[in-house]
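[1] What shape does this take:
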Amino acid sequence: MDVGKLFSGIAVIVDDEINEDSSLISVMKKTIEKRNIPVATYETVPDKGVIPSLADAAFVILDWDFTHGQAQRLLDGDEERIKFGDTMQKDQESELIEFIKALMSGTFVPVFIFTAKEKEGVTRKLLEAELWDNNKPNRIFVKEKSEMRSEEELFGAIEGWIKSMPSAYVLKEWGKVVSDAKRDMFLRMYKCSPDWAKVVWDKLKDDSETDCSHEFGEFMTRICVNSINEYSFDESLLSAVSPISSAELAGVIEGEHYSKYAEQPKRAYTGDLFKKDEEYYLNMRAPCDLARDNNPTLYCIKGKKLAGITEDIRLTAEGEMVFSATDRISLDELSGICRSDGGRREEFNEKLRKHRDGVFFNKGEILEKKLEVIVPCVAGEKAIKFRIELKLIEFGQLKSYRVGRVLPPYITRIQQKCAQTIFREGVMPIPDGLFSDSEE
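    Predicted structure coming up:
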């Protein structure tokens, strides 16, 4: 892995010794520049307002101690004294921690702390600030400056951290491909016409009564994706380094196909999910129809939280028929039911019919019935079961209950199933007794 190529872009160094030629951080800066990575520098912790501009940085290197060369001058008559105290140290640490919090919440740029202090002391402070986890890989990379006096030590340490942080590797590897695609896309479209963006905007605006920014953005994303040539990822860097919990699994799935609205958009979108009391409403209507009205009629299906997945019936070595972790019957009891009057048998057969009508999971898929759609991992629920029966509701009636949006291709698949169910030819049902007699 070529770390220099992986971390393309401008590196940022925040260190009060950066302009001292003999300092270790100055040597690191020259080492980074040897890899053709431009470096921007700060001698003090910058204002948090600069953070949006750091979003595309290759990485950010931070010092932990900014008291070098700093002093608080106190006048005592004609005598000038220099005082270094715990107060100054605590103030600069607090300022640095707040900057790191804002940097990590506002960007996904890799953060490296290279310090002259002991690593354990720094990680303890980060742990107290809830920026560090002793049990999992961390987005922040902490190393003592004395351990990185050469190019090999510096980039070797960064490579080791990348191997323990798959998401950072994916960000950089995928980012290179997307950046190339964006460049190629804009060059290609500019050759078509310098005014190509206006041409597309005007055509979309002609078909919309509302703001067409979303449609324009989707157009841009589509042609950018179409400009991507090839992806290449190192599988050895994508292996999980710690066990994945069921909550993490659910979170990953939800993050992939559902978006929670942090701020409510003004208009309605296909896939909008609303929660009113304990019921959910999912909007199926096409984007072009929603864009033509400030208060469109939504085509919704209604659903509720799925109670649970039905387990397969199985026999155990202990002579029990198991329906679930809390529902089982011994073979002796079953034998007694078989010998009993018809009432007990019918009661047991009804139990089997209810089990048959449950919701089952098979090979990565929740098995749905014809008139239902089950959407897993949305709105904090493990799954929501919707009935396929369109309800026409004005957007204004549901707008305040909107919680998020089911994203493509999942909402597209749901629309397709709804269409297949709503627009179908009626046929005669298969007789119940058709398969009652087996034939050899």
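[2] Alpha carbons only: can I get the helix or strand in which residue 255 is found in PDB?
    Using DSSP states H and E, residue 255 falls within helix 246-257. C-alpha atoms of helix 246-257 as PDB (Å, rounded to 0.1, in the frame of the first residue of the first chain):
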ATOM      1  CA  SER A 246     -26.200  -7.200  16.500                       C
ATOM      2  CA  ALA A 247     -26.800  -3.500  17.300                       C
ATOM      3  CA  GLU A 248     -23.900  -2.600  15.100                       C
ATOM      4  CA  LEU A 249     -25.200  -4.900  12.300                       C
ATOM      5  CA  ALA A 250     -28.600  -3.200  12.500                       C
ATOM      6  CA  GLY A 251     -26.900   0.200  12.500                       C
ATOM      7  CA  VAL A 252     -24.900  -0.600   9.300                       C
ATOM      8  CA  ILE A 253     -28.000  -1.900   7.500                       C
ATOM      9  CA  GLU A 254     -30.000   1.200   8.500                       C
ATOM     10  CA  GLY A 255     -27.300   3.500   7.500                       C
ATOM     11  CA  GLU A 256     -27.100   1.900   4.000                       C
ATOM     12  CA  HIS A 257     -30.800   2.200   3.000                       C
END
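[3] tell me the domain ranges of the protein?
    3-164, 172-237, 259-308+365-422, 314-357 (automatic domain parsing).
[4] Dump those domains into CSV; add mean neighbour count and distance to residue 435 as well.
    Bear in mind the C-beta positions are built from the backbone N, C-alpha and C, glycine included. Output for the domains of the chain, formatted as CSV (neighbours: other CB atoms under 10 Å; distance: least, CB to CB, whole Å):
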stretch, mean neighbour count, distance to residue 435
domain 3-164, 15, 54
domain 172-237, 13, 47
domain 259-308+365-422, 16, 19
domain 314-357, 11, 15
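[5] Serialize these to JSON lines and add fields for mean pLDDT and distance to residue 246.
    JSON lines is the format used below for these (pLDDT from 0 to 100; distance: least, CB to CB, whole Å):
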{"stretch": "domain 3-164", "mean pLDDT": "82", "distance to residue 246": "16"}
{"stretch": "domain 172-237", "mean pLDDT": "88", "distance to residue 246": "24"}
{"stretch": "domain 259-308+365-422", "mean pLDDT": "91", "distance to residue 246": "9"}
{"stretch": "domain 314-357", "mean pLDDT": "87", "distance to residue 246": "15"}
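[6] Which among those domains is found nearest to residue 248?
    Judged by CB to CB, the one of those that comes nearest to residue 248 is domain 3-164, at 10.1 Å.
[7] Okay, helices next: where are they in the stretch 301-440 of the chain?
    Using DSSP state H, counting those that start in this stretch, the helices of the stretch 301-440 of the chain run over residues 331-339, 342-356, 395-398, 410-422.
[8] Among those helices, single out whichever gets nearest to residue 239.
    helix 410-422 (27.1 Å).
[9] Specify the angle between the closest one and helix 246-257 in degrees.
    Interaxial angle, helix 410-422 versus helix 246-257 (axes from the mean of the first three to the mean of the last three CA atoms, to 10 degrees): 80 degrees.
[10] Now do helix 410-422: which elements does it pack against?
    With contacts defined as 3 or more CB pairs under 8 Å, 6 or more residues apart in numbering; DSSP states H and E, helix 410-422 has these neighbours: strand 372-378, strand 381-394.
[11] And these: which comes nearest residue 263?
    Short answer: strand 372-378, nearest of those by CB to CB, at 18.8 Å.
[12] Pull the distance from that closest one to the chain's centre.
    For strand 372-378, the separation from the chain centroid amounts to 18 Å (computed by CA atoms, centre = their mean, to the nearest Å).
[13] In its sheet, which strands sit next to that strand, and in what direction?
    Using DSSP bridges, the strands paired with strand 372-378 are strand 381-394 (antiparallel).
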